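# give me coordinates for this.
(chains A and B)
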Amino acid sequence: MHYFIGNLGHFFTVTSFVTALLAAFSYYRATRSQQPDIRQEWTTNGRIIFLIHSLAVLGTILSLFVIIYNHYFEYYYAYTYSDRRLPAHYLFSTFWNGQEGSFLLWIFWHTILGIILIRTNRFWEAPVLTVFAAVQAFLTSMILGVVIPGLELKIGSSPFILLRDAINDPIFTVQPDFIPADGQGLNPLLQNYWMVIHPPVLFLGFASTLVPFSFCLAGLWTRKYRDWIRPALPWAIFSGASLGLGILLGGYWAYETLNFGGYWNWDPVENAVYVPWLVLIASIHTMISFKNSQTALKASIVLVIAVFVLILYSTFLTRSGVLGDASVHSFTDLGLSGQLLIYLFFFLIAGAVLAGVRWKEIPSDEKEASVYSREFWIFIGASVLCLMGFQVLVPTSFPVVNKVAGWFGLNSNLATPADQVAFYSRFQLWFAVALALLSGVGQFFWWKKIDKKQLFKELYYPFLATLVLFILIITLTKIYQPAYLILLLASLFTISANFKILWSVFRNSPSLSGGAIAHIGVGLMLVGILFSSGYSRVVSLNNTGMLISRQLSEEFNRENLLLFVNEPREMFGYEIEYKGERIEPRHKKGYISKRDIEFTSNPYKVIARKDIYYKGRKLFNKGDEFEINPENTFYEIEFRKNGEVKFVQYPRVQVNPQFGNMASPDITRKVSLDLYTHVSAPMTEEAKQDWSEREEIRIKRNALFFANDYVARVEELMRVYNLAGEPLDSSFLAIKARITVEGERENYTAEPVLIFGTQSRGGLLADEIPELGLRFTLMNVHPQTDELTIGVESRQKDWVVIKALEKPWVNILWLGTALLMTGFGIAISRRFREFRLMREKGLE
Amino acid sequence: MKKSHIFLLIVLASAVAILITTSREASTYVTFTEAYQMASQGNTRSIHVVGELKKNEQGEVVGIEPGADKVSFSFIMVDDNGREQTVFYNQPMPQDFMRSEKVVVIGRYKGNIFYAEKILLKCPSKYQENTVNV
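Got it, this is the predicted structure:
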């Protein structure tokens, strides 16, 4: 039992909580103090305490990581989310698999951001860090795991809890020091490299929304109503980039790993981050508008507060268990609902009260905004973004509405519409159209003060380009739905309009081109989404006229293909052929036929039956022992055109007794489309064991015989000394027959073994050729006549049922994403340079 | 009236419009009895039913029937009013299905069988799980 590390971790957690409170108090005193020397003292105090806090957070993280890395299964966290086989890089996924670890990740980013702010921004340090430290106190309390004596009130859920305290298993009364030999392992869905990087990026996005929020509260608090915007703006843009990237990485993970066939499913967990992101983008726009013309200050304040409150609300939704009936993948309830609610309301009320008290003092522009001013268009754009978020927020909040109605004795049983994707898409599409049009037109007002006549002159070429592209695209792709046509038109318009802006801006000052690039990115993303989702099409159509199974729905029979091994079919203009089941070695890249390896008593270790090649490269020599991951089976499917192999797909099925079966697609990426194939029904063990009655054949060595219509021959008989990688006991005598069978394409070998025992009974080890649906048993040898008896059984050849989808132009979505991120990057560096200039002048 | 007021009114009106349309299109959580009545009145909308898997006295899940080739299955679900119902699901069994403490099925009746289009699971929270792989 390693008690020390857990106690140390818990000590660090408590320290980080206490220091967060102390830092908040010190910085609060520093902000409130009128005398410069006292203010300086409290600021120094706060800074030192915040640094200690950050070190304590780091200590907590390292302690938890030590527990996970060293497989201390006496701890609940390591036991539940990892096992000894997990590759090292997935131990990071283990770290943030549980709620506690993901809280820690979030807390960690806050400490990093806090330290950066302390280092870059002396002027705002005290009030901004007051908010930071207060948030940290709430967050660290979530993982505190302290019970207040007398009240029986538990605060937070500690990641350092021992297994025996978490789980009430009888073994612990018998043997309190019991440590399980292995953990339960990581959910196979999370064993994916995207799950190593998606959570840190997403939580960086979460964490960075705190920066503009803190600046905003600091500005209100110290009555510097206008000044907070400049330092907050680069951070708001940074936040927009990191949160956006985090969301997209999550979508990409879903696309590659889950088999619902898309990257976005409008699940409440996804919506919960999508809504704050939209509002965040709206707030960036109003902040920029303020910086240029002193308008929309009040709107910026409201939006910046709203973003942070929405982040807290989304945390509440996903972590309190309230979504339990509505979401496929919310966290399990840790009993933190109360704490999360207090956290949410504390900052909601703090923000609202502070803004309310100061509202009258906030300067506002009484001048009416002209229809031809950029402020007007930006404001409309921000409103559309907020309404767009509101439309998603309402149905996502139904579970909360039901619960709150329940408290008042009302019976509310609202649920999101059954077909979430269709429901949200129908609304969001029109918001997207509005945004595309606004971002196209708005950019012209942005860069040029123009009137009506000039606007049409400016827009002439973009209009022309839009029309040409539009006509070109619809003749090539045959889009007919009116809604899609309008979205396409609007997206093309924003692309061409922003391209014109980019053209003129880029020549003079490339550093200002962030906005135009980001908007082109958004336009491309919309086009990519329109095609890849709107025109995603099933290509694995069953045209054979034969049902896969009568018991399955008509749709399943129509949209899935049953492939027998080595029997070509037509699909998507290719000749496709299923080649059989493959496994992947753990430490080398490649796919290996299950026929080429011998399984041992250890499911993770196998022995090469022959020299193994993959793509012409030798992976293993005959007799090599190597590790595999037995959970994963890959189904090799070859795609040919005119007899030439174009590509090979390996869709995967994971079989995990803990988590059930999971199919993941294989995606072939081409410039214009992705071909997305997943296994919809693997051959079951029952079907594999459905052998015919054994036919016994007595033949001479080297004589030809028929096995289920295939020509076969016993080539050789030999004595073997090893079985399944183990040397055979000397009391046994084992004989192996090598049987070759002429298949349609190639020859196969089966090697059944007959074992004689001198002291105990021997045995028969059959060997099968799944490609031919044959199993051979060496029943007996007759040395007198040089004959042997072979048992032959047959079954259906190996098969697999697949479903394949065509996702057109998904690459445009990824290209758009890359441009959006580039645009953000350019804008961040520009705004940061502005801020640095002001700081050097001593103004901030 | 100032332009900004008109604008504010438009935004508010859109928000109200969104509220109304979303709640009109919302599905509902109902019991099997209500769902059956809805279906027999010709209402083909998908609804949500919350319940648990049927278990015997030993706490083992009973009534699971695999479909052909194991790619679909049916199970017996007990809703919050205690009514038992056979539910058919045209897909393989979801992860963690047998461990779930609560099941939400989204779908509708066709005849006497409830066809689920989607299944949501609520799995036991960590402190209620009380076995260790020894």
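# and residue A:495, how many residues sit next to it?
27 (other CB atoms under 10 Å in any protein chain shown). In short, each C-beta sits where N, CA and C put it, glycine included.
# and for residue A:618?
Neighbourhood size, residue A:618 [other CB under 10 Å]: 9.
# who touches the longest helix seen in chain B?
When chain B is parsed with DSSP state H, its longest helix is helix B:3-25. Applying CB atoms under 8 Å, 6 or more residues apart in numbering or on different chains, the external contacts of helix B:3-25 come out as A:368-369, A:379-380, A:383, A:386-387, A:390-391, A:394-395, A:414, A:417, A:423, A:427.
# secondary structure class for residue A:488?
Per DSSP: H, G, I helix; E, B strand; the rest coil, the local secondary structure of residue A:488 is helix.
# secondary structure element holding the residue lying closest to it once chain neighbours are set aside?
Leaving aside its sequence neighbours, residue A:488 sits nearest to residue A:530 (CB to CB, 6 or more residues apart in numbering or on different chains; 6.0 Å). Taking DSSP states H and E as the criterion, residue A:530 maps to helix A:514-534.
# list the helices and strands that helix packs on?
Under the contact criterion of 3 or more CB pairs under 8 Å, 6 or more residues apart in numbering or on different chains; DSSP states H and E, helix A:514-534 touches helix A:420-447, helix A:482-508, strand A:799-808, helix A:810-840.
# for the third one, which strands pair with it and how are they oriented?
Here the strand partners of strand A:799-808, with direction, are listed using DSSP bridges: strand A:537-538 (antiparallel), strand A:561-564 (antiparallel), strand A:673-682 (antiparallel).
# ranking those strands by burial, who's on top?
strand A:673-682 (a mean of 24; mean count of other CB atoms under 10 Å in any protein chain shown).
# ok, then the element right after that one?
Following strand A:673-682 toward the C-terminus (DSSP H and E): helix A:685-688.
# give the pairing partners of the very next helix or strand once past that next one; include direction for each.
On the C-terminal side of helix A:685-688, the closest following helix or strand by DSSP H and E is strand A:695-700. Using DSSP bridges, the strands paired with strand A:695-700 are strand A:787-794 (antiparallel).
# check which element follows the longest helix of chain B along the chain.
The helix or strand immediately downstream of helix B:3-25 is strand B:27-30, counting by DSSP H and E.
# all strands of chain B, in order?
Under the criterion DSSP state E, strands of chain B are mapped to B:27-30, B:47-53, B:65-66, B:73-79, B:84-89, B:102-110, B:113-122.
# for residue A:60, which of the ones you listed is the nearest?
Of all the strands of chain B, strand B:113-122 sits nearest to residue A:60, with 29.7 Å by CB to CB.
# which elements pack onto that closest one?
Judged by 3+ CB pairs under 8 Å, 6+ apart, strand B:113-122 is in contact with strand B:84-89, strand B:102-110.
# look up the closest residue to residue A:275, ignoring the ones flanking it.
Leaving aside its sequence neighbours, residue A:275 sits nearest to residue A:389 (CB to CB, 6+ apart; 4.2 Å).
# in this structure that neighbour contacts residue A:278, no?
Yes - using CB atoms under 8 Å, residue A:389 is in contact with residue A:278, at 4.0 Å.
# overlap in contacts, these two.
Counting by CB under 8 Å, 6+ apart, no residue touches both residue A:389 and residue A:278.
# under the pLDDT cut-off, which ranges of chain B? List them.
Scanning chain B with the threshold set as pLDDT under 70 gives B:1, B:68-71, B:95, B:122-134.
# list the residues that contact residue A:799.
Contacts for residue A:799 (CB under 8 Å, 6+ apart) come out as A:562-565, A:578, A:683, A:687.
# now with 10 Å?
A:548, A:562-565, A:567, A:578, A:635, A:681-683, A:687, A:770, A:773, B:69 (CB atoms under 10 Å, 6 or more residues apart in numbering or on different chains).
# local confidence estimate at it?
Here the pLDDT value assigned to residue A:799 is 91.
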